[in-house]
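Chemist: For reference, the sequence and a predicted model appear below.
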2 protein chains.
Amino acid sequence: MAEVKSKYIALAPKTFEIADRLHSAAIHMLRRVRRQDALTGEGPARLSALSVLVFAGPRTLKELAAAEQVKPPTMSRIVAGLRRSRLVEIERDVRDARLMRIYATARGVRLIKRGRQRRIEYLAVHLNALTRGELAKLGAAAQILEKILHDSQ
Amino acid sequence: MAEVKSKYIALAPKTFEIADRLHSAAIHMLRRVRRQDALTGEGPARLSALSVLVFAGPRTLKELAAAEQVKPPTMSRIVAGLRRSRLVEIERDVRDARLMRIYATARGVRLIKRGRQRRIEYLAVHLNALTRGELAKLGAAAQILEKILHDSQ
DNA sequence: CCAAATTAGTTAGCATAGCTAACTATATTG
DNA sequence: CAATATAGTTAGCTATGCTAACTAATTTGG
């Protein structure tokens, strides 16, 4: 791996090295796991948006766009695709007719849960080769990352 | 997070839970870090392919396609884009005129190194809030993941 | 109360990124 | 040397990202 120097002189080289390795490991892990998604027959943007609806509940288009960090026109087409595949349904808000209420259908929920199952199972099968201690270390790391991600917004 | 059951009864629930949390943390971490890439002015497929050329050296189109897990026609266009941006150059193999030798230009190397610097620095700044012990745990986790990814091909 | 401004979402049009099928050009093989 | 195999490209489809410009609905200010 290459050297990384910084303008932030307060940061220890060790911190950079760990950031680098964590970054690389995350990229390679997700690349593997993502191969499982082909079986769903839907593209990554749709799966990701649908996943928000399944695990966080119904959302408006704008909220969904914000959650997925894309612009409204992009989300508009993603939702149209999900609707064509009967994975979501849309209702107009009674209070404010400009707002959409987008929610996952039972079919959408099933698709996401199966996809998620495949991803997690794939990972778990590989983690199964580890010792108890190693597994505990991964658990600790996940917790630390969750904390950072949560704190830093 | 949702329940995940498995047909692999030999896998402990704890393993699933950790796989799940690791998966989620990796997704959110990379989503953050990726925002830095907009500054390069190149798309993700180009950055990723160029990164292979910079860190692993020149490759043929087929090799690059395999490394990026895409089909040759896809890589053909990615390389064409990189070439237009003067980030790579192409030579024909002397022994076998069918083969391309694709390599990063100095400009390509600079672009990737700066982009990488931004990503790693962003992460490192956030890791900097951690204690020595927490940092060490993340380092240990990265190492364990590298091992699994390497061993399982 | 209604005109102006704001907000939610869509449409149009562009670029990138993925695919398969069908092509060209070069090497290899029988 | 003809047939086959291999490397890469081209054409044409879908999906996913953007901005600019639009429609429709709501809110606000005079």
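Modeler: All right, it came through fine. Numbers count the residues shown, from 1 in each chain, chains lettered A, B, ... in the order given.
Chemist: all contacts plus neighbour counts: C-alpha atoms, from now on.
Modeler: OK.
Chemist: Mind listing what's buried along stretch A:84-101?
Modeler: Across stretch A:84-101, burial judged by 16 or more other Cα atoms under 10 Å in any protein chain shown covers A:87-90, A:100.
Chemist: For A:Ala10, the count of nearby residues, please.
Modeler: Number of residues near A:Ala10 (other Cα atoms under 10 Å in any protein chain shown) recorded here: 9.
Chemist: Same question for the one 4 residues further on.
Modeler: Taking other Cα under 10 Å as the criterion, the count of residues near A:Lys14 is 14.
Chemist: Contact partners for it?
Modeler: Listed by Cα atoms under 8 Å, 6 or more residues apart in numbering or on different chains, A:Lys14 has no contact partners.
Chemist: Chain A: strands as residue ranges?
Modeler: In chain A, the strands defined using DSSP state E lie at A:88-92, A:100-104.
Chemist: For chain A, just list every one of the helices.
Modeler: Assigned by DSSP state H, chain A shows helices spanning A:13-34, A:44-56, A:61-68, A:72-84, A:106-127, A:132-151.
Chemist: Return the closest of the buried residues of stretch A:84-101 with respect to A:Ala26.
Modeler: Nearest to A:Ala26 among the buried residues of stretch A:84-101 is A:Leu87, at 29.0 Å by Cα to Cα.
Chemist: next one: phi and psi at that closest one?
Modeler: phi -100, psi -20 (degrees, to the nearest 10).
Chemist: Please name the residues that touch it.
Modeler: Neighbouring residues of A:Leu87 by Cα under 8 Å, 6+ apart: A:50, A:104-109.
Chemist: What parts of chain A come near DNA strand C?
Modeler: A:60-63, A:72-73, A:75-77, A:98-101 (Cα under 7 Å from any atom of the strand).
Chemist: now do 6 Å
Modeler: Within reach of DNA strand C by Cα under 6 Å from any atom of the strand, chain A has these residues: A:60-62, A:72-73, A:76, A:98-100.
Chemist: Neighbour-wise, give me the winner out of the contacts of A:Leu87.
Modeler: A:Leu50 (28 neighbours).
Chemist: for that residue, what are its contacts?
Modeler: Residues near A:Leu50 by Cα under 8 Å, 6+ apart: A:82, A:87-88, A:104, A:108, A:112.
Chemist: Cool, thanks, signing off.
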